[in-house]
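In: Only the shape, not the letters, is given here:
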């Protein structure tokens, strides 16, 4: 059996609602369904999609946005910390790009206000794509196919980093994942979830997970301390939000990750230390909530979490416009 | 003006046919149209497509078949020599996977008889994907989504390297590129090519390029010495076919690359030394044919070569089945 610290209100709610009641109360849930993306400028999204898949934005010609935020794999690389230029070991786990438009800010420490600001970062980071904005623009504007798409998207054939990052962000805004089984349940389909999964959701709420993992993205909307009850022994040196604000109170504060598609976004935490959902749920229970979930409880919560997998990105593999004779060539192994 | 070594037959042909005649004689051309792929086992192709895009076949979890044979970029990586595990600099330029089913054998030296035999190579090459067949099989068979697809494709849920490479090869066999403008012309559409492009094709034939670059793939069907008239100073140590046969006569014999989609498969030659088609045509003329093409001739041949770009692969980005708790994890930076 398990023990929960529950408030009197929770007891009343649990008694009143039961599991069937839970389904009917979907309108008042702390999690809301993911809405499909609205596309205002299809040409801009198409351009952004190509740029997202284009490794020519990196110095090596080998690393694209999709290398570490792989849309075949939940928008992540499924590696503890990412591989960058020259096989550099990244300092932090690559967060998923899926539903990232719902984040309060971008990167684990929130140092980019939005997706457009984020997109410029890895391109110029020496340990990631290792290019720079001047070179990236020179590459893109040398490619006739891209210049034509800039014209379609922006009404001008001027290529600059602002346009490049705007297009990538516009594409990323389409990467939402509606229609998960959980969202179907939220919308009233009581058969969408099994009894086990519903019990997992109840545990998820009653145990306090929803305090941070709430809203449409089931997270992504606040910064929280990693290690509230017990300190977290991270395998990375990242210190979180303090790097942005300079405030000591923000040390080890990280953006709460979305739990949408969490079945696909392993390994977990900012240091990628948890390989499985079981391990992640166990650690979160202990260090954030002071709870030791039983194996049965853990399995139920994991079963619920797997209902958060929504429609994955669905589009044809983009075909990139070829380089021209004048296009600067990749330098994967330094100048030769 | 230019000089050609032409045979009496060629003179007669040229006089008889002229350019308009060329179009009507398409049935006797040394190049034949690419035929669309026939798919016997769609489930096998779907499985192979996922495996082709799956970086979990590599030790790092970062490199998939598509990393170096990128289907967004003409089935190549557009880098001089490829980047492998631990940023290893590959010894040779990655040949395109497009139309590779038409090759006489696989790899530049033909050391693999077919696509199935080829697919097993990079997985276990320490400088490429750096995994091994045992580990690759352990990874794939631990993933329930893959086991289900093996069942559909093979009628059995047994996962082995034979099945993995068979599926990848079946997918690769679909990667043909029909409907190029040149093929439309071959099939009788006289408006498919411009006068300039047709003149380029005539030069391509009359100069002797077709001696090696012929057949549906415009190459891929023989091994030839690199540097017939003048020696080729390669920037790589690769010695070609001799590595397979042990015969000294095969030194610097390489498989003739296909010229299909050549506009997209830069840089050129087994060492990737030529960045542009202009440079490649110039070098080939000199070292293989003893010809110095004028700028005008070169430009015409390049214009013809760009008509060989056919329909690129057209399918939805595959979504990969997630790893299970028991799936062996990637080791990008060694055991930790």
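Out: Nice, I can see it. Small disclaimer: the values here were computed from a predicted structure and weren't measured. Numbers count the residues shown, from 1 in each chain, chains lettered A, B, ... in the order given.
In: Which single residue of chain A ends up nearest chain B?
Out: When you check chain A against chain B by Cβ to the nearest Cβ, the closest residue turns out to be residue A:87, at 3.9 Å. Where you see a C-beta, it was placed from the backbone N, CA and C, and this is true even at glycine.
In: quick one, what contacts that residue?
Out: Taking Cβ atoms under 8 Å, 6 or more residues apart in numbering or on different chains as the definition of contact, the neighbours of residue A:87 are B:86, B:87, B:332.
In: how about a cut-off of 7 Å?
Out: Counting by Cβ atoms under 7 Å, 6 or more residues apart in numbering or on different chains, residue A:87 makes contact with B:86, B:87.
In: Please apply the same query to residue A:223.
Out: Residue A:223 is in contact with A:110, A:241, A:253, A:254, A:255, counting by Cβ under 7 Å, 6+ apart.
In: ok, residue A:185 - how many residues close by?
Out: Residue neighbour count, defined by other Cβ atoms under 10 Å in any protein chain shown, stands at 22 for residue A:185.
In: Where do the strands of the stretch 201-336 of chain A begin and end?
Out: A:223-225, A:253-255 (DSSP state E, counting those that start in this stretch).
In: Show me what the first one pairs with in its sheet, parallel or antiparallel.
Out: This points to strand A:223-225. Looking at strand A:223-225 with DSSP bridges, its paired strands and their directions are strand A:253-255 (antiparallel).
In: what bits of the stretch 201-336 of chain A have low per-residue confidence?
Out: Screening the stretch 201-336 of chain A residue by residue with the criterion pLDDT under 70, one finds the ranges A:335-336.
In: Could you list the contact residues of it toward chain B?
Out: Applying Cβ under 7 Å from any Cβ of the partner chain, one finds that the stretch 201-336 of chain A approaches chain B through A:263-264, A:266, A:275-276, A:278, A:312-320, A:322-323, A:325, A:329-330, A:332-333.
In: Got a ChimeraX select line for the buried ones in these?
Out: Isolation of the buried members of these (16 or more other Cβ atoms under 10 Å in any protein chain shown) is achieved in ChimeraX through the command below:
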select /A:263,264,266,275,276,278,312,313,317,318,319,320,322,323,329,330,332
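In: about what we covered before: so can I have JSON lines of the contacts of residue A:223 showing neighbour count?
Out: Formatted as JSON lines, the entries for these read as follows, by neighbours: other Cβ atoms under 10 Å in any protein chain shown:
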{"residue": "A:110", "neighbour count": "21"}
{"residue": "A:241", "neighbour count": "23"}
{"residue": "A:253", "neighbour count": "23"}
{"residue": "A:254", "neighbour count": "25"}
{"residue": "A:255", "neighbour count": "23"}
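In: can I get these in TSV with distance to residue A:70?
Out: Rendered in TSV, the data for the contacts of residue A:223 read as follows (distance: Cβ to Cβ, whole Å):
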residue	distance to residue A:70
A:110	23
A:241	26
A:253	27
A:254	22
A:255	20
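In: ends of stretch A:154-161, how far apart?
Out: With Cα to Cα, to the nearest Å as the measure, the first residue of stretch A:154-161 is 13 Å from its last.
In: How about residues contacting it?
Out: Identification of contacts with stretch A:154-161 by Cβ under 7 Å, 6+ apart yields A:120, A:133, A:136, A:137, A:140, A:141, A:146, A:147, A:150, A:151, A:163.
In: Secondary structure of the fourth one: a strand, I assume?
Out: No. Counting by DSSP: H, G, I helix; E, B strand; the rest coil, residue A:137 is not found in a strand; it is helix.
In: between the strands of the stretch 201-336 of chain A, which gets nearest to residue A:115?
Out: strand A:253-255 (13.7 Å; Cβ to Cβ).
In: what does that closest one rub up against?
Out: A:103-105, A:108-110, A:220, A:223-226, A:240-241, A:270.
In: Then stretch A:60-69?
Out: Everything outside stretch A:60-69 that qualifies as a contact, by Cβ under 7 Å, 6+ apart, is A:52-55, A:57-58, A:75-77, A:82, A:85, A:94, A:96-97, A:129-130, A:168, A:330, A:332, B:77-79, B:83.
In: do the same with stretch A:287-304
Out: Counting by Cβ under 7 Å, 6+ apart, the neighbours of stretch A:287-304 from elsewhere in the structure are A:2, A:196-197, A:199-201, A:203-204, A:207-208, A:227-230, A:232, A:277-278, A:281-282, A:285-286.
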